[in-house]
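Colleague: mind looking at a prediction? Sequence and model below.
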Amino acid sequence: MATNISQRFRTAALITGFVVALILIFIVARTLLRSKLPVRVATARIGDLVSTVSTNGKVEPKVNFEAHAPFPGVIKNIYVHQGQKVKPGQLLLTMDDSQAEANLASAYAGLKGAQANYDMTVAGGPAESRLALAGQINSTRIDLRQAQSDLAALKKLETTGAASPSEVGAAQQRVEADQAALQVLEQRRQAQTNPLDIAHAKAALEQAQQAYAAARSIIAQSNVRAPFAGTVYNIPVSKTEYVQGGSLLLDLANLDHLQVLAYFDEPEIGKLALNQPVIIHWDAKPDMSWKGHIARMPSTIINYKTRYVGEALITIDDQTDILIPDTNVTLTVTVANLRGTLIVPREALHIEQGKSYVYRVVDNVLRRTPVTVGDLNLTDVQILSGLKPGQVVALGATNGQPLGDGMPIKMER
């Protein structure tokens with residue numbers, strides 16, 4: 001009985017010792033692994049850093065002409081087809097302008113009437129009344145001169161006693177009466193050229209001139225001509241079709257000079273600058289690309305579909321006849337192109353509370369090192385200070401454990 005108990009005790013002790021040994025082995029192994037954390041590393045090197053921003057945009061002509069219907073009416077004729085190149089002044093489209101012609105004739109008659117009224121007002125009224133008044137003024141002046149001559153003669157006779165004072169007084173009264181009559185007539189003539197009446201007549205004339213010019217403009221717009229050499233790339237109407245006033249009739253552009261209206265997300269706008277190079281791609285021609293540059297920076301932020309973007313204009317430098325207006329394209333802008341600068345993989349960079357640092361490997365131990373960074377792209381980051389070429393930095397542990405200052409490691413490249 002005692003032998004059995006002793007044997008059981010020894011067995012339990014052996015098992016316990018074996019378990020303790022396993023635990024100790026596990027702890028030692030784990031300690032050894034932690035003390036030599038396997039870490040991927042890279043070397044700070046001098047190289048090139050190219051950073052880009054990608055977005056989408058729409059092709060549009062630099063110089064574009066849109067013809068719109070000047071009034072509701074019928075398309076009389078279309079003289080060109082979509083894609084046709086035209087010369088300056090070439091007739092492109094006409095509308096039925098019979099009503100516009102009638103309106104022009106009415107406006108012309110109104111202009112002539114307003115001109116005649118203005119001329120008459122400036123001259124002092126109708127010709128008959130002006131001639132009659134002028135005759136009265138001339139007759140009164142003659143009477144006045146005669147009365148003045150008679151008065152002078154009677155005054156001389158009065159000195160010799162040949163004329164009485166009453167005769168001289170009567171002659172003086174005739175002179176004064178003629179003077180008063182002449183003054184009234186002159187006032188009537190001045191009243192015929194009232195500045196207020198002239199201003200009203202002038203305003204009416206100017207209004208009639210504007211109405212006539214507008215009527216002529218409508219006639220001109222109903223006969224659409226090319227204002228410059230270009231290509232008709234859009235004709236949304238057809239012959240004999242009735243259109244509303246203001247409807248688009250056609251689009252004309254110089255397709256040798258195109259640009260792209262690009263939409264940049266708000267966080268990317270700060271990286272942009274004038275004249276930065278741009279590569280343009282069109283899905284319809286996947287094997288082709290076009291070069292351009294930023295010609296105008298975004299001036300405000302707008303809501304574009306589900307994005308907040310700034311609109312920038314991209315000038316296309318190598319023009320071809322393949323791209324056409326209103327096509328959707330993708331763009332890649334080179335926002336940084338640094339040559340011979342110090343770079344490390346972006347994976348090595350850490351940021352804490354707005355401060356940047358890396359883990360530099362010194363004698364197989366991680367040392368937290370503050371750095372100043374410049375530009376970056378998806379793979380690399382520019383180091384302005386804090387590192388030197390050839391120094392080794394940690395990228396990350398191969399077992400996914402976090403890195404820490406002072407941690408011993410085993411380097412893996």
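Modeller: Okay, I see it.
Colleague: mind checking how far the closest residue to D405 other than its chain neighbours is from A348?
Modeller: Counting by Cβ to Cβ, 6 or more residues apart in numbering, D405 lies nearest to R368, which is 4.1 Å off, once chain neighbours are set aside. Glycine gets a C-beta too; all of them are placed from N, C-alpha and C. Using Cβ to Cβ, to the nearest Å, one gets 12 Å for the distance from R368 to A348.
Colleague: now for these two: what residues contact both?
Modeller: Counting by Cβ atoms under 8 Å, 6 or more residues apart in numbering, the residues touching both R368 and A348 are 358-359.
Colleague: who's more crowded, these two?
Modeller: It is A348, of R368 and A348, that has more neighbours when counted by other Cβ atoms under 10 Å, with 24 against 15.
Colleague: please name the nearest non-neighbouring residue to that one.
Modeller: Excluding its sequence neighbours, the residue lying closest to A348 (Cβ to Cβ, 6+ apart) is V393, at 4.4 Å.
Colleague: try N77
Modeller: Among residues not flanking N77 along the chain, T94 sits closest, at 5.0 Å (Cβ to Cβ, 6+ apart).
Colleague: list the contacts of the one you found.
Modeller: 75-77, 79, 222-224.
Colleague: and the strands in the stretch 1-150 of the chain?
Modeller: 37-43, 45-61, 64-68, 73-78, 85-86, 91-95 (DSSP state E, counting those that start in this stretch).
Colleague: I misspoke; the intended subject was the stretch 301-413 of the chain.
Modeller: Under the criterion DSSP E, counting those that start in this stretch, strands of the stretch 301-413 of the chain are mapped to 301-304, 307-316, 328-345, 350-352, 355-362, 365-370, 372-376, 380-385, 392-397, 409-412.
Colleague: closest to H293 out of those?
Modeller: strand 307-316 (5.8 Å; Cβ to Cβ).
Colleague: which stretches in the protein count as helices?
Modeller: Taking DSSP state H to define them, one finds helices in the chain at 2-35, 98-123, 127-160, 165-191, 195-222.
Colleague: for the third one, what is the distance to the chain centroid?
Modeller: Looking back up the chat, that one is helix 127-160. Offset of helix 127-160 from its chain centre (Cα atoms, centre = their mean, to the nearest Å): 76 Å.
Colleague: for it, name the packing helices and strands.
Modeller: When contacts are defined as 3 or more Cβ pairs under 8 Å, 6 or more residues apart in numbering; DSSP states H and E, helix 127-160 packs onto helix 165-191.
Colleague: for the helix it packs on, give the mean pLDDT please.
Modeller: Averaged across helix 165-191, pLDDT comes to 77.
Colleague: that one - contacts with which helices or strands?
Modeller: Packed against helix 165-191 by the contact rule (3+ Cβ pairs under 8 Å, 6+ apart) you find helix 127-160.
Colleague: against T121, how distant is D321?
Modeller: When distance is defined by Cβ to Cβ, D321 is 61 Å away from T121.
Colleague: more crowded one of those two?
Modeller: Legend: neighbour count by other Cβ under 10 Å for D321 and T121, higher for T121 (20 against 8).
Colleague: hmm, the more buried one is touching I198, no?
Modeller: Yes: using Cβ atoms under 8 Å, T121 is in contact with I198, at 5.4 Å.
Colleague: that older thread, could you dump the strands of the stretch 1-150 of the chain to CSV with mean pLDDT and distance to I280?
Modeller: Below are the strands of the stretch 1-150 of the chain laid out as CSV (pLDDT from 0 to 100; distance: least, Cβ to Cβ, whole Å):
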stretch, mean pLDDT, distance to I280
strand 37-43, 95, 34
strand 45-61, 95, 8
strand 64-68, 94, 19
strand 73-78, 94, 33
strand 85-86, 95, 24
strand 91-95, 94, 30
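Colleague: tell me the bridge partners for K85.
Modeller: In this entry, K85 is beta-bridged to T231, by DSSP bridges.
Colleague: among the strands of the stretch 1-150 of the chain, which is nearest K305?
Modeller: Counting by Cβ to Cβ, K305 lies closest to strand 45-61 out of the strands of the stretch 1-150 of the chain; the figure is 10.4 Å.
Colleague: neighbouring strands of that closest one in the sheet, and parallel or not?
Modeller: For strand 45-61, pairing defined by DSSP bridges yields strand 258-265 (antiparallel), strand 328-345 (antiparallel).
Colleague: domain parsing for the protein?
Modeller: Domains of the chain are assigned by automatic domain parsing as 36-50+340-412, 53-62+254-337, 109-214.
Colleague: determine which of those approaches K87 most closely.
Modeller: Evaluated with Cβ to Cβ, the domains of the chain place domain 53-62+254-337 nearest to K87, the distance being 12.3 Å.
Colleague: mind checking how far the closest one is from the chain centre?
Modeller: So, by Cα atoms, centre = their mean, the centroid of domain 53-62+254-337 is 15 Å from its chain's centroid.
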